[in-house]
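what's the 3D shape of this:
(one chain, ligands or ions: 1)
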Amino acid sequence: MCGIVGYIGPKQAAPILLDGLEKLEYRGYDSAGIAVCDGDDVTISKAVGKLANLKAKTDNGNSITGTKGIGHTRWATHGKPTENNAHPHCSERFVLVHNGIIENEEALRRKYLKNAEFYSDTDTEVIAHLLQKFTDDGESTAVAIQHMISEVEGSYALAIIDKNDPDVLYAVKNKSPLLIGSGDGFNMIGSDAMAMIAHTNNFYELNDKEYVVITKDSVDIYTCYGKKIERNTYVAELDVSDTEKGTYPHYMLKEIEEQPTVIRKILKEYSDDDGELTIDPDILKDIRSCDKIYIIACGTSYHAGIVGKQFLEKISGIPTEVCIASEFVYNMPLLSKKPLFIFISQSGETADSRAVLVKVKEMGYKTLTLTNVKGSTLSREADHTLLLYAGPEIAVASTKAYTAQVAVLAILAANIKNSININLNYELSKVSNVIESICDDKDKYSMLAEDYLKDSRNCFYIGRGIDYYVCLEAALKLKEISYIQTEGFAAGELKHGTIALIEQNTPVIAIISQENTNLNTRSNIKEVKSRGAHVMTISTKSLSAQKDQIIINDVHEILTPLVTVVPAQYLAYYAALQKGCDIDKPRNLAKSVTVE
Ligand code: M6R
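Alright, predicted model coming up:
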């Protein structure tokens, strides 16, 4: 949550900072601000709402002079989204931007800052005053930062300006993501590589509790005790065009339609020289020697995880439990004797999942992360990583990352033990073609959204087994971007209570892709229809009935989540579009959830 950026070099900083923030807006968008230094002068400009407001206020940054600065796009945790609470925050000497949460801010206020005057409701302001206090007490800025690291509990990525030092920017991180971009005669700070990729593809990774002293020509990384660390840069395999919308009106639509390409890319990346889909033998060795897999994830990644459980149990025969990260961390189930943990996370930065990773690593268990972001925290800290190769996912509502997660989980399961002899190379190629044919039909989803969803207050997705798991994801898509209250429900469970909510014209969308549950779900459809529901059915061709609204070409029965989810993504997209919602940046949300 929240995105931070920094620049020091020869160019006018403000337009560069605003461009970087635009790439980070997925991390939060309730207010934004920049601070730019021109010699001794520091100009701070802030605006409530989307970044566009700050851009308008500063003539896209052109009205602010200076070649060093920091910027922030906010997802409020402490205090309302007002200009006063927007970052940067400052004390007399320090100006800083922050991503994360300071957990012991009250204790710090009591211990050190009794005389400080606070102007905002944020936890961040505490850091600005703390650095002021430590330097007022005679510490150098570097020592004050070390002191701050030793005192502050919580998560933070910080970019800091010391007004007394015009040639330097400071950065520091703990638990929140932060990268340093390295260029020729300039350097940058960013919450992720996308914020800097227009200027450089060379990056320094930072570990927790490290701080960095940055000039336009140098990047010096230190431990929290002030010991200098030698570290090489890495080159990010990211293209500027990956982060652009192109001719699409929204990132979400682009990302939905990238799904066939993503599946093909996964097939390519996981194929060996003989065209066989393979997984690193070390990963397979660890998994084969565990007695149970625990999948840990949140949101859409959790939904991919429950589909993955089916693969791991039905294809490879390994008992698997899927847990919501934020629940698991404070309420751990009784573990098996030799568990292995799989973390699924598009961003690789989700704080809830990371809290579990830290805990189970302390307990000595093996860990594997499935993530879309190479070098992300969950990837670096787990024993193993499997990449999703979905390319940057910018829309807050996850689409292509979900299908990538499901596809990689299938490849993993079949590599552990392919007890159903599925030819995944063939079957996944077929899936990518079927998704393509679904994408060809999008006018139809637009009409169905208008007919069924646009004016509805609520909606139900129903299905059984693996279809039910897709219903959970389909419901999340619809609710998060169109704000229609939607539940994914096990079709057979409806009659045990929830059917009471069905009224005349309540939309119920049924997903049918499994032969063994087809007739049962169709009975459940009749039950809701006879109580007035307006039913739409998404079915696979071999199980379809004449009046089904959406019929999808057949794929292998175990892989149907990869295709049945796609019309649901479109329905959510069009319902949100027709309701005039902000599709890529839905209210109250952020793409990368880096607070617990
Ligand atoms: O980056 P992660 O996959 O760990 O993120 C997990 C969830 O926050 C994420 O899937 C969220 O539910 C999306 N908004 C769903 O579209």
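
can you give me phi and psi for the closest residue to the ligand within the stretch 151-300 of the chain?
Nearest residue of the stretch 151-300 of the chain to the ligand: Gly299, at 1.9 Å (Cβ to the nearest ligand atom). To be clear about C-beta, it is placed using only N, CA and C from the backbone, and glycine gets the same treatment. The phi/psi pair for Gly299 (degrees, to the nearest 10) reads phi 50, psi -130.

list the contacts for it?
Counting by Cβ atoms under 8 Å, 6 or more residues apart in numbering, Gly299 touches 398, 476.

Then the one 3 residues further on?
Under the criterion of Cβ under 8 Å, 6+ apart, the contact partners of Tyr302 comprise 322, 324-325, 344.

Which two among those are spaced furthest apart?
Pairwise distances across these (Cβ to Cβ) peak at 11.6 Å, for the pair Ile324 and Ile344.

any common contacting residues for these two?
297, 302.

out of those two, which sits in the busier spot?
Taking neighbours as other Cβ atoms under 10 Å, Ile324 and Ile344 compare with Ile344 leading, 33 against 17.

Hmm, that one is touching Leu370, no?
Yes - counting by Cβ atoms under 8 Å, Ile344 touches Leu370, with 4.8 Å between them.

tell me, what's touching these two both at once?
What both Ile344 and Leu370 touch, as defined by Cβ under 8 Å, 6+ apart, is the set 405, 409.

which residues touch Ala382?
Per Cβ under 8 Å, 6+ apart, neighbours of Ala382: 343, 357, 367-369.

what do you get if the cut-off is 10 Å, keeping everything else the same?
341-343, 348, 354, 357, 360-361, 366-371 (Cβ atoms under 10 Å, 6 or more residues apart in numbering).

Could you measure from it over to Ser456?
Applying Cβ to Cβ, to the nearest Å, the value for Ala382 to Ser456 is 41 Å.

next one: Ile293
38 Å.

same check, this time on Leu577
To Ser456, Leu577 is 15 Å away according to Cβ to Cβ.

same deal with Gly492?
Counting by Cβ to Cβ - Gly492 and Ser456 are separated by 23 Å.

Near the ligand, which residues of the stretch 301-450 of the chain are found?
Residues of the stretch 301-450 of the chain lying near the ligand by Cβ under 6 Å from any ligand atom: 301, 345-347, 350, 353, 396-398.

ok, and the most crowded of those?
Within those, neighbour counts (other Cβ under 10 Å) peak at Ser345, which reaches 33 neighbours.

quick one: that one and Glu381 touch, right?
No - when contacts are counted by Cβ atoms under 10 Å, Ser345 is not listed as touching Glu381 (11.5 Å).

so what's Val36 up against?
Each residue near Val36 by Cβ under 10 Å, 6+ apart is listed here: 7, 12-14, 16-17, 42-45, 58, 61, 64-71, 88, 95, 161.

Tell me which of those fall in helices.
In helices, defined here by DSSP state H, the members of these are 13-14, 16-17.

could you dump those to CSV with neighbour count?
Shown next, in CSV, are those (neighbours: other Cβ atoms under 10 Å):
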residue, neighbour count
Ala13, 28
Ala14, 28
Ile16, 26
Leu17, 30
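
Quick check: what element follows the helix or strand encompassing Thr537 along the chain?
Taking DSSP states H and E as the criterion, Thr537 maps to strand 534-540. Downstream of strand 534-540, the next assigned helix or strand under DSSP H and E is strand 550-552.

before we move on, the earlier item: list just the nearest of the contacts of Tyr302 to the ligand.
The closest of the contacts of Tyr302, once distances to the ligand are taken by Cβ to the nearest ligand atom, is Ile344, at 6.7 Å.

Surely that closest one touches Gln405?
Yes - here Ile344 reaches Gln405: they are 5.5 Å apart, a contact under Cβ under 10 Å.

Show the pLDDT at the closest residue to the ligand within the stretch 451-596 of the chain.
In the stretch 451-596 of the chain, the residue that lies nearest the ligand is Val593 (4.6 Å; Cβ to the nearest ligand atom). Note on Val593: pLDDT of 82.

Which residue comes closest to it once chain neighbours are left out?
Computed as Cβ to Cβ, 6 or more residues apart in numbering, the closest residue to Val593 that is not its neighbour in sequence is Thr350, at 5.4 Å.

same check, this time on Ile438
Using Cβ to Cβ, 6+ apart and skipping residues adjacent in sequence, the residue nearest Ile438 is Val566, 4.6 Å away.

now that neighbour: how far from Val434?
Distance, Val566 to Val434, by Cβ to Cβ: 9 Å.

Likewise for Asn207?
Computed with Cβ to Cβ, the distance linking Asn207 and Val434 is 43 Å.
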